[in-house]
Structure formats: C-alpha cells, structure tokens
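> I need the structure of the sequence given here:
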Amino acid sequence: GLSFVTSSTWVPAEGRFGALAFIYGTVLSSVLALLLAVPVSLGIALYANEAAPSRIRRPIVYVMDLLAAIPSVVYGLWGIIVLAPFIGPHVYEPISSAVGDWPVIGWFLNGSSGRSFMTAGIILAIMITPIITSLSREVIATVPSAQREAAYGMGATRWEMIRTAVLPWGRGGIVGAVMLGLGRAMGETIAVALVIGSQSGQITTHLFEAGDSMAAVIVNQFGEATGTHRAALIGLGVVLFLVTILVNVSARTIVGRFDRRAQGV
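Below is the predicted model:
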C-alpha cells in the first residue's frame with residue numbers, strides 16, 4: 001500500500017519493506033550529480049563552441065565522446081578502488097572535522113565514509129557530463145550567426161553575447177540535455193551500487209555518509225530474494241520506472257514551454 005513509499009524500514013527477515021530511503025538516495029545522488037555536472041558541462045560546451053580554437057576543440061570533443069563510451073562498471077570500479085579509499089580520509093574527514101559542528105553547513109558536510117552519497121554523486125557527475133556537454137554543444141551550434149552578430153553590433157563583449165544571445169536561444173535544448181542527464185543518473189545501477197555504501201534505511205542530510213538507491217538495492221538483493229522480498233524489489237523497479245517517466249515528461253514540458261517562448265507564442 002501507500003506505506004511502501006512512505007516508510008524507510010527495510011527488513012526482509014521480518015517482511016517489512018519501505019522504499020522511502022531508496023527513493024531519497026536515488027534523488028539525492030542524482031541531484032548532487034547535476035549540481036556538479038551542469039556547470040562543468042555547460043562551461044565546456046560554451047568554450048568548445050564559442051572560444052576554443054579548432055586545435056583545442058577537436059581534443060575536447062574526442063575526450064567527451066570517449067568518456068561517454070566507457071561502460072558504467074568501469075566508472076564504478078574506479079570509484080570503489082581508487083576514489084572512495086582516497087576521498088574518505090583525505091577529503092571528507094578533514095571537511096567534516098572543520099565544519100561538521102557548524103549550523104546548516106554541518107548538516108550536509110558531515111561524515112567520513114568513502115562510499116557515500118557524495119561519492120555516488122561524483123561518479124554520476126563524471127558519467128553524465130559527456131551527455132550534457134554533447135547535447136548542449138549541438139544546441140549551441142544551432143544558434144543563428146545573426147544572433148551573435150546582432151549582439152556584437154550593439155557593442156557586447158563575448159560573455160555578454162553568450163549571455164544575451166546564445167543562452168536565451170538555446171536554453172530549451174540545454175534544459176532538455178540536463179533533464180536527460182538526470183534521467184541517466186537516476187537509472188544508473190552498477191556504478192552507484194559499488195560506491196554508495198548500500199546502507200539500507202539511511203535517510204540523512206550528511207552527504208559523506210553511506211546510503212542506498214533504488215537501482216542499487218535491486219541489483220544487490222534480487223538474486224537472493226524470494227516471495228514478498230522479490231515482490232518488494234519489483235515494486236521498487238516500478239517506482240523507479242514511474243519516477244523516470246515523470247522526469248522525462250517534465251523535460252518535454254519544460255522544453256516545450258521554452259520553445260513556445262522563443263517563438264513568441
């Protein structure tokens with residue numbers, strides 16, 4: 001019933017199944033990935049299209065295409081073997097010690113686990129950056145040269161031209177690229193399962209603590225699940241499917257709204 005998505009208790013041995021913690025972990029890690037990936041992706045796309053000479057643009061495009069082609073399990077293995085053992089004691093722990101007792105900031109920058117929400121967000125950000133970058137580059141490339149020339153003709157600098165001519169023209173497509181990246185992040189399985197920590201029932205604002213996600217718990221537990229446990233995991237899959245559909249529908253709605261605005265409708 002409704003308690004399946006409002007409860008965070010997940011105890012298969014007692015037949016108690018609540019998906020809220022996994023929904024929370026999925027959303028949190030995906031949002032962290034967007035916060036990290038979007039500025040980098042948009043910056044790379046704008047630099048490659050608007051400022052970089054061809055000798056630099058080609059390697060950037062090549063590297064982005066190469067990163068997009070790497071299997072997710074490779075990112076996950078790198079995360080659990082290299083990133084997590086390093087980032088926990090050398091980054092998270094010093095930050096937590098310095099600001100963990102502060103109000104507000106300490107609610108988020110607390111904990112020291114290498115396998116955590118933040119690590120999952122970093123891995124996801126690396127994975128979705130090529131997608132958002134490539135799509136944003138294609139959108140920016142469609143901006144008519146007349147838009148740029150008009151901005152320059154009014155005395156705009158390069159940054160002013162980008163801000164007043166390029167971004168407004170392409171924002172619908174850029175938002176669509178971001179939402180597509182969000183959909184990829186929310187559905188990612190293997191990489192997240194390896195680095196998020198698999199801490200069932202964990203709902204916390206501490207970004208440096210372990211947690212779990214819907215896709216990760218399905219892949220970790222489905223092989224040994226039977227009866228009600230398996231049904232609960234299938235239910236998680238349905239919830240993940242519905243959330244993904246909601247994200248995609250939202251993306252289409254946002255893109256359509258921006259397109260109508262661009263056309264003056």
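> Count the neighbours of residue 92 for me.
For residue 92, the count of nearby residues is 24 (other Cβ atoms under 10 Å). For every residue, glycine as well, the C-beta is placed using N, CA and C.
> so what's it closest to, chain neighbours aside?
Spatial nearest neighbour of residue 92, chain neighbours left out: residue 208 (4.2 Å); criterion: Cβ to Cβ, 6 or more residues apart in numbering.
> Show me what stretch 157-170 is in contact with.
By Cβ atoms under 8 Å, 6 or more residues apart in numbering, the list of residues contacting stretch 157-170 from outside reads 46, 50-51, 136, 139-140, 142-144, 147-148, 150-152, 156, 174, 262.
> Could you report the neighbour count for the residue nearest to residue 92?
Considering only other Cβ under 10 Å, residue 208 is surrounded by 24 other residues.
> Wait, it touches residue 99, no?
No: contact criterion Cβ atoms under 8 Å: residue 208 and residue 99 do not qualify, at 11.1 Å.
> so what sits against both of those two?
The contact lists of residue 208 and residue 99 share residue 109, where a contact means Cβ under 8 Å, 6+ apart.
> could you flag which of the contacts of stretch 157-170 are buried?
Among the contacts of stretch 157-170, the ones that count as buried by 16 or more other Cβ atoms under 10 Å are 46, 136, 139, 140, 143, 147, 148, 151, 156, 174.
> how about the helices in the protein?
Ranges of helices in the chain, per DSSP state H, are 3-6, 20-50, 54-69, 72-78, 84-87, 93-99, 105-108, 117-141, 145-153, 158-161, 167-187, 190-195, 214-221, 227-262.
> For the ones you listed, give me TSV that also has distance to residue 203 and mean pLDDT.
Below are those laid out as TSV (distance: least, Cβ to Cβ, whole Å; pLDDT from 0 to 100):
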stretch	distance to residue 203	mean pLDDT
helix 3-6	12	84
helix 20-50	5	93
helix 54-69	32	89
helix 72-78	23	94
helix 84-87	21	94
helix 93-99	19	91
helix 105-108	13	87
helix 117-141	11	93
helix 145-153	46	86
helix 158-161	41	88
helix 167-187	17	87
helix 190-195	17	91
helix 214-221	14	90
helix 227-262	16	82
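> Can you lay out the ones you listed as CSV showing distance to residue 201?
Below are those laid out as CSV (distance: least, Cβ to Cβ, whole Å):
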stretch, distance to residue 201
helix 3-6, 13
helix 20-50, 5
helix 54-69, 34
helix 72-78, 22
helix 84-87, 21
helix 93-99, 22
helix 105-108, 19
helix 117-141, 14
helix 145-153, 52
helix 158-161, 47
helix 167-187, 20
helix 190-195, 16
helix 214-221, 10
helix 227-262, 13
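> Out of those, flag the one nearest residue 14.
helix 227-262 (10.5 Å; Cβ to Cβ).
> hmm, back to that, check contacts around the residue nearest to residue 92.
88, 92, 95, 96, 109, 110, 111, 112, 113, 116, 117, 118.
> gap between residue 204 and residue 41?
28 Å (Cβ to Cβ, to the nearest Å).
> Same question for residue 97.
With Cβ to Cβ as the criterion, residue 97 and residue 41 are 32 Å apart.
> next one: residue 156
Taking Cβ to Cβ, one finds residue 156 at 24 Å from residue 41.
> Same question for residue 115.
Counting by Cβ to Cβ, the gap from residue 115 to residue 41 is 25 Å.
> Looking at those two, which is more packed in?
residue 41 (27 against 23).
> Nearest residue to that one in space, please, no chain neighbours.
residue 132 (3.8 Å).
> so that neighbour touches residue 183, yeah?
No: using Cβ under 8 Å, residue 132 is not in contact with residue 183, being 11.3 Å away.
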